[in-house]
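**Student:** A structural model of the following input is requested.
(2 chains)
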Amino acid sequence: MRDVAVISFVQSAVARDFEHNEVEMLVPTLHAAIAESGIAKNDLGFVCSGSLDYLQGGPFAFVSGLDAVGCWPPMRESHVEMDSAWALYEAWVAIQTGEVDSALVYGFGKSSPGDLHEMMTLQYDPYYVAPLWPSMVDVAALQARAYLEASGRDEEEFAEVAARAQRNGRSNPYAVRAGDVSAKDVLAQPRTHDPLRDADIAPITDGTAAVVLAAGDLARSVCERPAWIRGIEHRIEAHGLGVRDLATSESTKLAATAAGVANGRVDIAELHAQFSHEELMLAEALGLNGSTTINPSGGPLASNPVMSAGLIRIGEVARRITSGDAQRGVAHATSGPCLQQNLVCVLEGDS
Amino acid sequence: MAGNRVGVVGIGQTHHRAARKDVSMAGLVREAAIEALEDAGMTWSDIDAVVIGKAPDMFEGVAMPELYLADALGAVGKPMMRVHTAGSVGGSTSIVAAKLVAAGIHERVLTVAYEKQSESNATWGLSVPMPFAAPLVAGAGGYFAPLIRAYMYRSGAPRHIGHLVAVKDRLAALRNPKAHLHLPDIDLKTVEESFLLWDPLRYLDVCPSSDGAMAMVMGSEKVADASEGSVAWIHGMAMRSEPTMFARRDQINPQAGKDCAKDVYAQAGITNPRDDFDCAEVYVPFSWYEPMWLENLGFCAEGDGWKLTEAGATAPTGDIPWNPSGGVLSSNPIGASGMVRFGEAAQQVRRRAGDYQVELKTGKALGHAYGGGSQFFSMWVVGSEKPA
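**Tutor:** Modelled structure (predicted):
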């Protein structure tokens, strides 16, 4: 495998962007990421994005998104209808073939204009599940309950996760929900989706993210301390909730083993947990222990721009490695109801 | 081509129809996937990863359907990706799958593309009014017809050229049992007399709306060498995109298409496509796109595409058959149509094209797909022999 690193990362997020459409939101993010990379736009080997038509409410969200790049002369370009962490995976594969040495990866989406939780119902089996119309929070609550019963954990531990996310969010300029919140404050909230409370559920966020990847010597020439991708793997599990063990994340375990999470100390982990219980489940599945700082950014419970939130996890780990605050970290991204599909990326700085 | 050698070792496709009411979406993709696995002499457990592609989710009303289809495609516990690059998606999906093998990450990758157009209406699914944007409300035909008129003006092509393609591809489809349209009585007069949709496109100049799926199994050199069936080796693959709208953009002969062809030809050692290919499977959803793409892909000089069509050069009996399978004009499961082109090109060089097999001289064929407003392109060159 070629050495590939994250050499720049830029994000944007607000609770509700009334002023800009997706393209207008993307332009500053993309061009800041390209400028930060030190590679000229037209020297970038590949462009890949992740977006979701149903967020935009029209077909081809990525088509207008691409207008923000300004890919002229024509560029090698692709798109996944998945969180942009998978766009990063596709770009990493393109670099592995040797065809290109660098790539721009981005994600974008506005959750605020529609009803995200209802809209995600369209992800279910269209014949047997979608007609029942359970929202994404409804099925997450089912998983939370299954996890509580199987793990022996309690709602206080959920509340601790939720409160820490908001406290960590205070140092994250892109957090849309942050504050000096305690577990007790969270527990004082009513359950909206038993056993989940508002603070256990990721806030609605509009936002974008962009990463530039570069291989080997190119990465070293433009970045003082590249965040090298030491392993990147993803796995999917069954869609039918009835055929899965909802109390554990099998696909995260498989991806973590394949990516080599356990091959070294994990200083930080950024987990794409859209609900408090998911963070606990994912930390278990990844085999993380008390020595790992989890979601120092506050994670998706502080800021959750859908389709970018997974890529942001990779960016948040990478920027802490580049700054020297961390040596080795794990980023996680998810897709689908109840953590159906999971991606694990191990990043490391030069020692 | 960059990376390790990759061979297509199995291909399967559904019977394309206006409405496949006999199968669910899962049943549709499985039909193609199982045929591809059987062709490859493999079972689900042999597959390392699955890459699925389709055009907009709004065509069926399922968001990110790879999640729902994971079980049906045997992907549980494996990596699965979903590609969406507009009409070029079938081609891009094939390329993403092949790159997983070229990069040395996997040995055997299953790739599937599909569309079940009968679940909705693609023309209006393409034209959802968006806030603060000028409504197009044209569908694909309404978008492309003005570009075709501009091509006619630019090249001086006579009006019957498109109709010739409409007849040629439908007659070719009579030899393809899986094609959606079988119109044995079609001739120039029937096309000319079919009703006008978007000038100059008449009803029979236009592709049908189909339900269908296409699947391929990509193998590493080791897997392909051990394969009992014939192999289509990938000699080159490329993708290019350009912005949708800007003042200098030539929408009739797009730069991204030219650049993509140049790249893929260079990888595969193609210097004169008309001589160096035995056939081409090219995305021609509206009849006039045959002459337009003949020029864009360098099969002739600019302005001469219609002359090749008129002379019969692109007919199954011509010197460079285009779309011997019947093409998109005969079957159009949109998200799969690009992969059908890539797969049909592969079947030709595997000598597996049945009654529409062309004569192999160079043993190389071109697969092509485009999408959006002609700003997204994906192409590959496949050959009977291993690339050098």
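
**Student:** stretch B:245-259 and chain A, any residue contact?
**Tutor:** Yes. Stretch B:245-259 lies within reach of chain A by CB under 8 Å from any CB of the partner chain, at B:M245, B:F246, B:P254, B:Q255, B:A256, B:D259. (Glycine included, C-beta is placed from N, CA and C.)

**Student:** what subset of those residues is buried?
**Tutor:** Buried by 16 or more other CB atoms under 10 Å in any protein chain shown: B:P254, B:Q255, B:A256, B:D259, out of the residues of stretch B:245-259 next to chain A.

**Student:** residue contacts, the third one?
**Tutor:** What it means is B:A256. A:P74, B:R240, B:S241, B:E242, B:Q375, B:F376, B:F377 (CB atoms under 8 Å, 6 or more residues apart in numbering or on different chains).

**Student:** of these, which belong to strands?
**Tutor:** B:R240, B:S241, B:F376, B:F377 (DSSP state E).

**Student:** wait, the last one sits on B:R341?
**Tutor:** No. When contacts are counted by CB atoms under 8 Å, B:F377 is not listed as touching B:R341 (11.9 Å).

**Student:** mutual contacts of these two, please.
**Tutor:** In contact with both B:F377 and B:R341: B:G91, B:H368, B:A369, using CB under 8 Å, 6+ apart.

**Student:** now, which of these lie close to chain A?
**Tutor:** Answer for these near chain A: none qualify (CB under 8 Å from any CB).

**Student:** can you redo the residues you listed as CSV with secondary structure and distance to B:Q117?
**Tutor:** Formatted as CSV, the shared contacts of B:F377 and B:R341 follow (DSSP: H, G, I helix; E, B strand; the rest coil; distance: CB to CB, whole Å):
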residue, secondary structure, distance to B:Q117
B:G91, helix, 19
B:H368, strand, 21
B:A369, strand, 17
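
**Student:** got a winner among these for most neighbours?
**Tutor:** For the shared contacts of B:F377 and B:R341, neighbours were counted using other CB atoms under 10 Å in any protein chain shown, and B:G91 has the most, 34 neighbours in all.

**Student:** could you pull up phi and psi at residue 105?
**Tutor:** The chain I'm using is chain A. When read as degrees, to the nearest 10, the backbone of A:V105 gives phi -120, psi 140.

**Student:** could you do chain B instead?
**Tutor:** phi -80, psi -40.

**Student:** list the contacts of it.
**Tutor:** So B:I105 contacts A:V93, A:Q96, B:A49 (CB under 8 Å, 6+ apart).

**Student:** please redo it, this time with the cut-off set to 7 Å
**Tutor:** A:V93, A:Q96 (CB atoms under 7 Å, 6 or more residues apart in numbering or on different chains).

**Student:** in PDB, could you pull the C-alpha coordinates for the least confident helix or strand in chain B by mean pLDDT?
**Tutor:** Least confident element among the helices and strands of chain B, by mean pLDDT, DSSP states H and E: helix B:122-125 (a mean of 79). This file holds the C-alpha atoms of helix B:122-125, laid out as PDB (Å, rounded to 0.1, in the frame of the first residue of the first chain):
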ATOM      1  CA  ALA B 122     -37.800   9.400 -14.500                       C
ATOM      2  CA  THR B 123     -38.600  12.400 -16.800                       C
ATOM      3  CA  TRP B 124     -40.300  14.200 -14.000                       C
ATOM      4  CA  GLY B 125     -38.000  12.700 -11.300                       C
END
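
**Student:** any residue of that helix up close to chain A?
**Tutor:** Yes. Helix B:122-125 lies within reach of chain A by CB under 7 Å from any CB of the partner chain, at B:G125.

**Student:** which other residues reach that helix?
**Tutor:** For helix B:122-125, using CB under 7 Å, 6+ apart, the contacting residues are A:P59, B:P56, B:M58, B:F59, B:G139, B:A140, B:S209, B:I334.

**Student:** any idea how far B:W293 is from the fifth one?
**Tutor:** Per CB to CB, to the nearest Å, B:G139 is found 20 Å from B:W293.

**Student:** for the residue in chain A sticking out farthest from the centre, give me its contacts.
**Tutor:** Distance from the C-alpha centroid of chain A, by CA atoms, centre = their mean, peaks at A:P73 (30.7 Å). Counting by CB under 7 Å, 6+ apart, A:P73 touches A:N42, B:Q255.
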